[in-house]
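Peer 1: dropping a prediction and its sequence here:
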Amino acid sequence: MIKEKIVSQVEIRPVKLTEIKQLQHLMRVAYVQTYVEDHNHLDVNTYLNQDYSFDQIRQEMANPQSQYYFLVVHDRLAGYLKLNIGQAQTEPDYPDALEIQRIYILEAFQGLHLGSQLMEFAHECARFHGAKQIWLGVWEKNYDAMEFYAKFGFHQVGSHDFIQGSDVQTDYILLKDLD
């Protein structure tokens with residue numbers, strides 16, 4: 001993956017193995033800020049304890065085809081990005097693509113166009129790896145996110161189940177062909 005990108009007081013950099021605890025905390029806070037109002041708290045906690053556990057994150061970080069990036073603004077963690085290529089992708093249907101598995105900005109930093117910077121960085125990573133496409137999954141009721149992705153040229157090509165605790169939800173699969 002690409003090493004890092006620094007623009008003004010914004011830095012996008014790889015997460016180090018020694019920073020798993022900070023990443024885990026950031027992931028949990030961002031997820032709760034994004035979804036807790038619309039979901040059962042027990043289901044959210046179950047999901048966080050399984051998919052955002054220290055061991056799960058460490059295992060994902062050990063995979064050379066996955067990379068986590070911190071978004072840092074004025075030396076403060078503002079968000080993060082997780083990218084997958086090859087066999088690390090969560091769907092097998094896009095072997096020549098890069099997957100944006102997670103892209104989150106903390107509430108305090110939203111509205112500053114930081115999501116656009118993460119998205120542009122993901123595009124740079126895709127080109128670096130020779131990917132022909134970028135894809136991601138988005139909850140069918142996350143209308144703001146779908147609008148954001150549409151601005152970058154993503155369109156729906158399918159759906160899959162997303163399991164959060166006992167709640168089976170639908171995620172739309174969005175795809176973008178790269179030039």
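Peer 2: Here it is on my side, so go on.
Peer 1: list the buried residues for the helix or strand containing S159?
Peer 2: Using DSSP states H and E, S159 sits in strand 155-164. By 16 or more other CB atoms under 10 Å, the buried positions in strand 155-164 come out as Q164. C-beta coordinates here come from the backbone N, C-alpha and C atoms, glycine included.
Peer 1: same question, stretch 71-85
Peer 2: So stretch 71-85, judged by 16+ other CB under 10 Å, has buried residues 71-73, 77-85.
Peer 1: just put those in a markdown table and tack on pLDDT, distance to G130 and secondary structure.
Peer 2: Formatted as a markdown table, the buried residues of stretch 71-85 follow (pLDDT from 0 to 100; distance: CB to CB, whole Å; DSSP: H, G, I helix; E, B strand; the rest coil):
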| residue | pLDDT | distance to G130 | secondary structure |
| --- | --- | --- | --- |
| L71 | 97 | 25 | strand |
| V72 | 97 | 28 | strand |
| V73 | 95 | 30 | strand |
| L77 | 97 | 30 | strand |
| A78 | 97 | 29 | strand |
| G79 | 98 | 26 | strand |
| Y80 | 98 | 24 | strand |
| L81 | 98 | 19 | strand |
| K82 | 98 | 20 | strand |
| L83 | 98 | 14 | strand |
| N84 | 98 | 15 | strand |
| I85 | 98 | 9 | strand |
